[in-house]
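Novice: Return a 3D structure for these sequence lines:
(2 chains)
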Amino acid sequence: GEDVEQSLFLSVREGDSSVINCTYTDSSSTYLYWYKQEPGAGLQLLTYIFSNMDMKQDQRLTVLLNKKDKHLSLRIADTQTGDSAIYFCAEIPTGRRALTFGSGTRLQVQP
Amino acid sequence: GAVVSQHPSWVICKSGTSVKIECRSLDFQATTMFWYRQFPKQSLMLMATSNEGSKATYEQGVEKDKFLINHASLTLSTLTVTSAHPEDSSFYICSGGTGQGAGETQYFGPGTRLLVL
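Specialist: Numbers count the residues shown, from 1 in each chain, chains lettered A, B, ... in the order given. Model (predicted):
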């Protein structure tokens, strides 16, 4: 199947780090993505990681990839209230061009 | 980055009417456009993939006669919801891809919220 799974909800305090986890099923996916969706809005590409990488860092964002366990995580350092949103991990399964999205993790940042 | 626009941003219609949603790539040519649907508190589900100048490919369970997709140019794709019913109320999001293989980036529109009364 093409299931991508995420925990539904995460609550953190402002200034703490947030870690959002994702498990995917297609080990052949070349790229794995993280998108952010603010209320009532479309999707914003945050970052992506190539499958032969273990880690990618981009300012406050760190992506970790464990191919053996098919586990992807997004760490947001110094989380701000503006980071409150839904975060989707996504992959492009082998043979397809459309993204398969996880269920989304709602991040709530408390002041 | 590349910009994709959608029009309208929201629409309310009566049951039985048809609604057309436009998706435009403003500063790049989208060889492929994808249409997704998102129900409240759910993830995005792919409805169909359209390539410029050819028929769209629909996902299993999506009625092609109900959701008409036209991709007449490299910058415009339209989705028409025919004879809309309340269960079609959803958030419709399009994305444009540049067709550069596994590493291509998809650029998403802001979405169109449809409410069918």
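Novice: Low-confidence bits of the chain, can you list those?
Specialist: Assuming you mean chain A. Scanning chain A for pLDDT under 70 picks out A:1-2.
Novice: Chain B is the one I meant
Specialist: Across chain B, residues meeting the criterion (pLDDT under 70) sit at B:1, B:99-104.
Novice: Quick one: name the residues of it near chain A.
Specialist: B:1, B:6, B:32, B:34, B:42-46, B:49, B:93, B:95, B:97, B:102-111, B:113 (Cβ under 8 Å from any Cβ of the partner chain). Placement of C-beta: from N, CA and C, glycine included.
Novice: ok, which stretches of chain B are strands?
Specialist: B:4-7, B:10-13, B:19-25, B:32-38, B:44-51, B:57-58, B:67-73, B:76-81, B:90-97, B:106-108, B:112-116 (DSSP state E).
Novice: Columns distance to A:Gln57 on top of those, output as a markdown table?
Specialist: Written out in a markdown table, the entries for the strands of chain B read as follows (distance: least, Cβ to Cβ, whole Å):
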| stretch | distance to A:Gln57 |
| --- | --- |
| strand B:4-7 | 28 |
| strand B:10-13 | 38 |
| strand B:19-25 | 30 |
| strand B:32-38 | 29 |
| strand B:44-51 | 27 |
| strand B:57-58 | 37 |
| strand B:67-73 | 37 |
| strand B:76-81 | 35 |
| strand B:90-97 | 26 |
| strand B:106-108 | 23 |
| strand B:112-116 | 35 |
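Novice: possible to save these as a markdown table with mean neighbour count?
Specialist: As requested, those are arranged in a markdown table below (neighbours: other Cβ atoms under 10 Å in any protein chain shown):
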| stretch | mean neighbour count |
| --- | --- |
| strand B:4-7 | 18 |
| strand B:10-13 | 14 |
| strand B:19-25 | 21 |
| strand B:32-38 | 24 |
| strand B:44-51 | 22 |
| strand B:57-58 | 17 |
| strand B:67-73 | 17 |
| strand B:76-81 | 21 |
| strand B:90-97 | 25 |
| strand B:106-108 | 23 |
| strand B:112-116 | 19 |
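Novice: ok, now which ones touch the most centrally placed residue in chain B?
Specialist: When chain B is reduced to its mean C-alpha position, the nearest residue by Cα atoms, centre = their mean turns out to be B:Trp35, at 3.4 Å. When the contact criterion is Cβ atoms under 8 Å, 6 or more residues apart in numbering or on different chains, the partners of B:Trp35 are B:23, B:46-50, B:67, B:69, B:77, B:79, B:92-94.
Novice: cutoff 10 Å now
Specialist: Residues near B:Trp35 by Cβ atoms under 10 Å, 6 or more residues apart in numbering or on different chains: A:98, B:21, B:23, B:46-50, B:56, B:58-59, B:62, B:67, B:69, B:71, B:77-79, B:92-95, B:109.
Novice: Not counting its neighbours along the chain, what's nearest it?
Specialist: Nearest residue to B:Trp35, sequence neighbours excluded (Cβ to Cβ, 6 or more residues apart in numbering or on different chains): B:Met47, at 4.6 Å.
Novice: wait, doesn't that neighbour sit right on B:Tyr36?
Specialist: Yes. Taking contact to mean Cβ atoms under 10 Å, the distance of 6.3 Å between B:Met47 and B:Tyr36 places them in contact.
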